[in-house]
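Engineer: here is my input, please return the structure:
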Amino acid sequence: MPDFSLEDALHARDLTIVVGVDEAGRGPLAGPVAAAAVILPDGFRDPGLDDSKKLSAKKRDVLYQILTDDPNVRWSVALASASEIDALNILRATHLAMRRAVEGLGVVPDHCLIDGLPVRGWPWPHDGIVKGDGRSCSIAAASIIAKVTRDRLLREIDAEFPLYGFAKHQGYGTKVHLEALRIHGPCRHHRRSFQPVAQLALPFDRA
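Structural biologist: Below is the predicted model of the structure:
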């Protein structure tokens, strides 16, 4: 379970504004990548806080509400679109979404804790924490906000393009999704640069 040991170590160095950063949606064939940045207040505790991938959708929704309703929790979420992913590649687009999320906090971080590897060119002091959403409460909180935000957005996209089943698979390359792609071709939310979407000799402007 994540805890505050990483945050506490930074606070002990007089680094007050510690931001947890995580993303959701790097692997899917469609939709944006979402990133969240979170500053948890001293004394924040919730025994259910964990890596979003280990939680049920219902539990994620409950924790999302707790986090975003708490006036002492500072948070921001941002996206990089499918077209930005195609233009930049998924890694750069993910880092762009992460920077947007941190900038959206409206404060200058003393230090960032980022899930995964260190980010080259990151504009603030930071540590890359591999599997950080299972180690740091701040990163776990960011993972939940990013995941819930993206899942809700994919449900909106599903209402616009119901043929693909986005609400069920969130854009991942499931058997159902691949079959829908084969039959209907890609829509404007698909990532052109991702296989097998890139292999389909079909228009990308389906309404």
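
Engineer: hey, where'd the helices end up in this structure?
Structural biologist: Assigned by DSSP state H, the chain shows helices spanning 5-11, 57-69, 82-88, 90-103, 137-160, 166-169, 175-184.

Engineer: most packed of those?
Structural biologist: Burial of these is given as mean neighbour count (mean count of other C-beta atoms under 10 Å); helix 137-160 ranks first at a mean of 23. Backbone N, C-alpha and C define where each C-beta goes, glycine included.

Engineer: and it, what other elements does it pack with?
Structural biologist: With contacts taken as 3 or more C-beta pairs under 8 Å, 6 or more residues apart in numbering; DSSP states H and E, helix 137-160 sits against helix 5-11, strand 18-24, strand 33-39, helix 57-69, strand 74-80, strand 111-115, helix 166-169.

Engineer: tabulate those (a markdown table), appending mean pLDDT and distance to R191.
Structural biologist: Listed next are those as a markdown table, based on pLDDT from 0 to 100; distance: least, C-beta to C-beta, whole Å:
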| stretch | mean pLDDT | distance to R191 |
| --- | --- | --- |
| helix 5-11 | 96 | 33 |
| strand 18-24 | 98 | 15 |
| strand 33-39 | 98 | 10 |
| helix 57-69 | 96 | 23 |
| strand 74-80 | 98 | 11 |
| strand 111-115 | 98 | 21 |
| helix 166-169 | 96 | 13 |
